[in-house]
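# need a structure here:
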Amino acid sequence: MVASSPSAYPHLSSSALDDLQADLTILLHQTLSHRSLHPKNLGILPTKKSWLLNLDVLVLSDAGNILDALFMASRAALWDTRVPRTRGVEYKARPRKAAEDTTAQGGRGDMDVDEDTQSGFDTRTIHKATDFELPDYWDEGEPLDGRAQWPVSVTLNLEHPIHFLDATAQEEAATPLRLLLAFSFPSSASPVMQAMRMLGPGEPAPSHLKELVKAGEQYAREISTALISKLKEEDIRRYQKAREIFELHR
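Numbering: from 1, shown residues only. Coordinates of the predicted model:
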């Protein structure tokens, strides 16, 4: 969900601000929730329980090119997300003879249940994990599976026959036609275009569009490479160096 501070768009009415938030939320959700991007390690109990991934983005200021900033911020947040490790819990009944011995010695046994009655809800006969526990603390866990392939976007501001990137708010007002392209770059596969949106009135010629998509892929690759480099540096600073300092002071 994308929320915007009123101070980011002081010229918009409350209803217009709500519409903008809805548009940004839909664009981000439709791109990031695609099946090809689903992390495989969100499952807890097969067909029963799994982690639900929520992403909240808050826009505090908009000086232009907000769409690319949203995708970069989202990718940084998802890169840093940790999935707690879980351990399955089984419910098993003690053997009948042990239960009878316990009852004969004055104990209550497992439950006061008629031995001739079987219920579909009797968990004593279940031999598969039906619940889970968390062995991790809040700041531990595994990174999201496939986090290197989360997409980044690049917005091409079109002014035929040229285009330019990273427009300011004033430049966006003067150049209403924009092409948004979102690409993911899997480590062992070809680049994948995850989203393509034409924003504003008009449209480029088909021959020109092909050139724009090719140029956008190159721009997005450069953005993705630079962003991953920064995120890996942050991983080292936050986790590896922090653990080393902790070990020194133990």
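# Tell me where this protein has helices.
Here the chain has its helices, by DSSP state H, at 14-32, 66-80, 96-104, 169-174, 206-235, 241-248.
# right, so of these, which gets closest to Arg197?
helix 14-32 (6.8 Å; C-beta to C-beta). Bear in mind the C-beta positions are built from the backbone N, C-alpha and C, glycine included.
# residue contacts, the spatially most central residue of the chain?
Among the residues of the chain, Leu78 comes closest to the average C-alpha position under C-alpha atoms, centre = their mean, at 4.7 Å. For Leu78, the contact set (C-beta atoms under 8 Å, 6 or more residues apart in numbering) comprises Leu32, Leu55, Leu144, Arg147, Trp150.
# Confidence-wise, which helix or strand of this structure is lowest on average?
In the chain, no helix or strand scores lower on mean pLDDT, DSSP states H and E than helix 96-104, which sits at a mean of 55.
# With pLDDT added, can I get the contacts of Leu78 in CSV?
As requested, those are exported to CSV (pLDDT from 0 to 100):
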residue, pLDDT
Leu32, 94
Leu55, 93
Leu144, 89
Arg147, 88
Trp150, 93
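# Tell me the pLDDT of His163.
In this model, His163 is scored at 93, pLDDT.
# Need the pLDDT of the nearest residue to it once chain neighbours are set aside.
In this structure, His163 finds its nearest non-sequential neighbour in Leu156, 4.4 Å apart by C-beta to C-beta, 6 or more residues apart in numbering. At Leu156, the pLDDT value in this model is 96.
# And Asp62, by the same measure?
pLDDT, Asp62: 92.
# Brilliant, that's me finished.
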